[in-house]
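Student: sequence unknown, structure follows:
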């Protein structure tokens, strides 16, 4: 993991995202790209009067937002402190679409859980179709700890496999890793995932938990019992973790806002 894309949109959850991205980047030795997005005005009077006039009007209308973005950048830079591996980018357009575009060349995208919930500030496609894995940071949570125990939700699906592989640099930082399957051991069993991690130099244990409640509830309970600081899972599945509909468990966990989530589709 060499490149972390940070949603640097100026909102009340920005400090939490900065804190998580900064600590994680130091742990896995990755560079941060902080992306500021500015919404383009919906209508321009000069739209039909030529590109030069349109560009001038656009600059005038965006000037206040540019100034606000400069101020936000200065404040955020103080939060980063001594972190020197931060590249700043500014883009004009829809925030979700711009994040999706820049995520094509990132290894991880850091956003807020609040924006990824139902009716949040980012489109549902960020959960289902993001080009890179996502670290979704809770709205209220203790400082992100890369060394804390990690729970991995495993159903043997493509997205769960991709999440596991992508999370290996993060898993290497953890002091205790547990893989769990819900209801039964999947066709691609827990032992195969544990063996894969072992080959990557990561030690982990595994359990098959009974489906005694909604799956998201079982996972949150298991994460709490494991004292987890992060849950890793696929955003879609074909067995216990995703049988209801595409991304249902991931969305249920986002709506609970209880733990940081490492998601891959």
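Tutor: Structure's in. What do you need? Small disclaimer: the values here were computed from a predicted structure and weren't measured. Residues are numbered from 1 along each chain as shown.

Student: contacts and neighbour counts: CA atoms only from here.
Tutor: OK.

Student: which residues of the stretch 51-200 of the chain score low on pLDDT?
Tutor: 51-61, 82-84, 118-121, 123-125, 127-128, 141 (pLDDT under 70).

Student: now do the helices in it.
Tutor: Shown for the stretch 51-200 of the chain, the helices assigned by DSSP state H, counting those that start in this stretch span residues 51-80, 95-102, 113-116, 125-128, 158-166, 168-171, 190-199.

Student: for residue 233, see how far away residue 142 is.
Tutor: From residue 142 over to residue 233 the distance is 21 Å, taken as C-alpha to C-alpha, to the nearest Å.

Student: between these two, which is the more surrounded one?
Tutor: The neighbour comparison of residue 142 against residue 233 (other C-alpha atoms under 10 Å) goes to residue 233, with 28 against 10.

Student: nearest residue to that one in space, please, no chain neighbours.
Tutor: Once flanking residues are discounted, residue 233 sits nearest to residue 153: 5.0 Å by C-alpha to C-alpha, 6 or more residues apart in numbering.

Student: for that neighbour, give me its contacts.
Tutor: Residues in contact with residue 153 (C-alpha atoms under 8 Å, 6 or more residues apart in numbering) are 160, 179, 180, 181, 219, 231, 232, 233, 234, 241.

Student: who wins for neighbours among the residues you listed?
Tutor: Result: residue 234 is most packed of these (other C-alpha under 10 Å), 31 neighbours.

Student: isn't that residue right up against residue 159?
Tutor: Yes - the pair formed by residue 234 and residue 159 meets the contact definition of C-alpha atoms under 8 Å, at 4.4 Å.

Student: hey, what's in contact with both of the two?
Tutor: 264, 265.

Student: hang on, the earlier thing: for residue 264, which of the helices of the stretch 51-200 of the chain is the nearest?
Tutor: When these are ranked by proximity to residue 264, the top entry is helix 158-166, at 4.8 Å, counting by C-alpha to C-alpha.
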